[in-house]
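Peer 1: My questions are about this predicted structure, shown below with the sequence.
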Amino acid sequence: MSLRTCSARLNAVLRNQSSVVTRTIRRQYASAATAASSLPAGLKEAIDKEARLSNPDPQYDSQTARLVDAQSPFMVPTYVRPPPMFQQGEGCYIWDVENRQYLDFTAGIAVNSLGHSDPEVAKVLYQQAQTLVHSSNLYYNPWTGALSQLLVEKTREHGGFNAGKAFICNSGSEANEAAIKFARKHGRSVQSDGSKFEIVSFHGSFHGRTMGSLSVTPNPKYQKPFSPMLPGCKYATYNDMDSINELVTEHTCGVIIEPIQGEGGVNVATPEFLLALRKRCTEVGAVLVHDEIQCGLSRTGKLWAHCDLPAEAHPDILTTAKALGNGFPIGATIVTDEVSSKIVTGDHGTTFGGNPLGCRVAHHILGRLAAPELQAGVLQKEARFREHMSRLHQRFPKIVQEVRGRGLILGLQLSADPTPVVTAARERGLLIITCGTNTLRFVPPLIISNEEINKGMAILEDAMVAVFEEPGHIEGTDGQQEMR
């Protein structure tokens, strides 16, 4: 371990110990002060909250609030964020500008699979940044092709679909945009009159915010402000076998589906449904696209979520991003040779996609995420999470209804609004997010330890007790939903 890494970890330990001591002293003084004071009730309550919680949200007079107030006037207001401002991370922990530590069960929404500030990733970034960051796609560089080759080879090696080639881009939305364009081009090769142009997607899906990916994301909240959508988009019901033949027709050029819907509520497609979908696409000559942007790259314990399926259910195109860069913006659209044969020079492109810095980093990350030891650990950690979730069901039988998902993409379905739980957990030192309707989403770093799982689930239980059992009301904070 490098001296720099040792120093960083020692500083993190000392910082945490200092914060614990400070909080302990603060609680003692606050408790004594408020017990005998004649302060107004509202002020007493605020002081007691500050003393009682390990990570109370920053107040209006905090350093965080001052920074936010100074910066917000210059930012387009596309996000609603909870109060903390994060500035440093290490492993499964992240610190805000108030120097408070949080255990991260979000991994940047399934992005930081190797954790925050991984020293090996930092080393690769540093080395390549000193060598060559960008040269444009007008020229070759050593890493675009190397990453494409590794994506194809690892997909085949791990039992995935018959991958042939890869297009490297910058994000999940862009990967899906490429997939939609490739499906349209393939459809035109089948029907030269352009009549084979329809795209089928599924209710509950989330494929992105750009116009093409938004058009296949059938959520009125996202679509209505920017309608009309891309023509030819049709929407089916997830896992509904009866709807397949009706919606996937001779006019369909492509079908896009998440094998596990992340934003939609961690809904898992059944093998029977995916098999029937593949069969129907083959019958009508449509391209099948699997969006594995959130559920791929070993998050299910397999390199890709579809690796558990028989070859007869495999896609023609797979899209990936998120964990591929562990925080560095990069995505990829992987296709069969049949699909690739319909794409010619000039059909698609990107300025930054395939730059040597991103591709070298992703090449390193993909090699680590494909390790059998890591994948086996994901399944073991899933079992640990499910044990805790079972106990939560026993503690809150009317609240906790169902556990969905595979590996380390899990959803805990509640019968009540979970946003107050998210707030209460955050103020106790745990970051967790929601999805779907009343669902808590668990997408922690894949390197998370059993001890960290135990710690986080204990905090979650405390938060649920505070929301559902203790008197008083904890307001939920907006800003929990995904934006890709």
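Peer 2: Structure's in. What do you need?

Peer 1: all helices of the stretch 351-484 of the chain, in order?
Peer 2: Using DSSP state H, counting those that start in this stretch, the helices of the stretch 351-484 of the chain run over 356-369, 372-395, 419-426, 450-468.

Peer 1: Deepest in the core, which of those is it.
Peer 2: Counting by mean count of other Cβ atoms under 10 Å, helix 419-426 has the highest mean neighbour count of the helices of the stretch 351-484 of the chain, with a mean of 24. Where you see a C-beta, it was placed from the backbone N, CA and C, and this is true even at glycine.

Peer 1: what packs against that one?
Peer 2: Contacts defined by 3 or more Cβ pairs under 8 Å, 6 or more residues apart in numbering; DSSP states H and E place helix 419-426 against strand 433-435, helix 450-468.

Peer 1: export these to TSV and tack on distance to V266 and mean pLDDT?
Peer 2: What follows is the helices and strands packed on helix 419-426, written out as TSV (distance: least, Cβ to Cβ, whole Å; pLDDT from 0 to 100):
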stretch	distance to V266	mean pLDDT
strand 433-435	6	97
helix 450-468	16	97
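
Peer 1: With distance to G164 as new columns, can the helices of the stretch 351-484 of the chain be given to me in JSON lines?
Peer 2: Formatted as JSON lines, the helices of the stretch 351-484 of the chain follow (distance: least, Cβ to Cβ, whole Å):
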{"stretch": "helix 356-369", "distance to G164": "17"}
{"stretch": "helix 372-395", "distance to G164": "24"}
{"stretch": "helix 419-426", "distance to G164": "42"}
{"stretch": "helix 450-468", "distance to G164": "39"}
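
Peer 1: Nearest to E292 among those helices would be which one?
Peer 2: Judged by Cβ to Cβ, the one of those that comes nearest to E292 is helix 356-369, at 12.4 Å.

Peer 1: Run the angle between the closest one and helix 372-395 for me.
Peer 2: Comparing the axes of helix 356-369 and helix 372-395 via axes from the mean of the first three to the mean of the last three Cα atoms, to 10 degrees yields an angle of 70 degrees.

Peer 1: Just the C-alpha atoms of helix 356-369, please, in CSV.
Peer 2: Taking Å, rounded to 0.1, in the frame of the first residue of the first chain, the C-alpha atoms of helix 356-369 are listed here in CSV:
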residue,chain,number,x,y,z
PRO,A,356,-7.9,7.4,-24.0
LEU,A,357,-8.4,8.6,-20.4
GLY,A,358,-11.9,7.2,-20.0
CYS,A,359,-11.1,4.0,-21.9
ARG,A,360,-8.0,3.2,-20.0
VAL,A,361,-9.8,3.7,-16.7
ALA,A,362,-12.8,1.6,-17.8
HIS,A,363,-10.5,-1.1,-19.1
HIS,A,364,-9.0,-1.4,-15.6
ILE,A,365,-12.4,-1.3,-13.8
LEU,A,366,-13.9,-3.9,-16.1
GLY,A,367,-11.1,-6.3,-15.4
ARG,A,368,-11.7,-6.0,-11.7
LEU,A,369,-15.5,-6.1,-11.8
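
Peer 1: Contacts for that helix, please.
Peer 2: For helix 356-369, contacts defined as Cβ atoms under 8 Å, 6 or more residues apart in numbering pick out 113-114, 120-121, 124-125, 128-129, 131-135, 141-144, 146-147, 150-151, 154, 168, 170, 297-298, 303, 323-326, 328-330, 332, 352, 374, 446.

Peer 1: ok, 6 Å please
Peer 2: The contact list for helix 356-369, computed with Cβ atoms under 6 Å, 6 or more residues apart in numbering, reads 124-125, 128, 132-133, 141, 143-144, 146-147, 150, 297-298, 324-326, 328, 330.

Peer 1: go on, stretch 225-236?
Peer 2: Contacting residues not belonging to stretch 225-236 are listed as 197-200, 202-203, 212, 215-216, 218, 223, 243, 247 [Cβ under 6 Å, 6+ apart].

Peer 1: What of stretch 323-336?
Peer 2: Identification of contacts with stretch 323-336 by Cβ under 6 Å, 6+ apart yields 111-114, 121, 151, 162-172, 174-175, 178-179, 297, 316-321, 358, 361-362, 365.

Peer 1: quick one: average pLDDT of that stretch?
Peer 2: Averaged across stretch 323-336, pLDDT comes to 98.

Peer 1: Can you give me the end-to-end span of that stretch?
Peer 2: By Cα to Cα, to the nearest Å, the extent of stretch 323-336 from end to end equals 22 Å.

Peer 1: Report the distance from that stretch to the chain centre.
Peer 2: Chain-centre distance of stretch 323-336: 13 Å, with Cα atoms, centre = their mean, to the nearest Å.

Peer 1: ditto for stretch 63-82
Peer 2: What separates the centre of stretch 63-82 from the centre of its chain is 23 Å, taken as Cα atoms, centre = their mean.

Peer 1: Mind listing what's buried along that stretch?
Peer 2: 64, 68, 82 (16 or more other Cβ atoms under 10 Å).

Peer 1: Same question for stretch 134-152.
Peer 2: By neighbour count with 16+ other Cβ under 10 Å, stretch 134-152 contains the buried residues 137, 141, 143-144, 147-148, 150-152.

Peer 1: With that, I have no additional questions.
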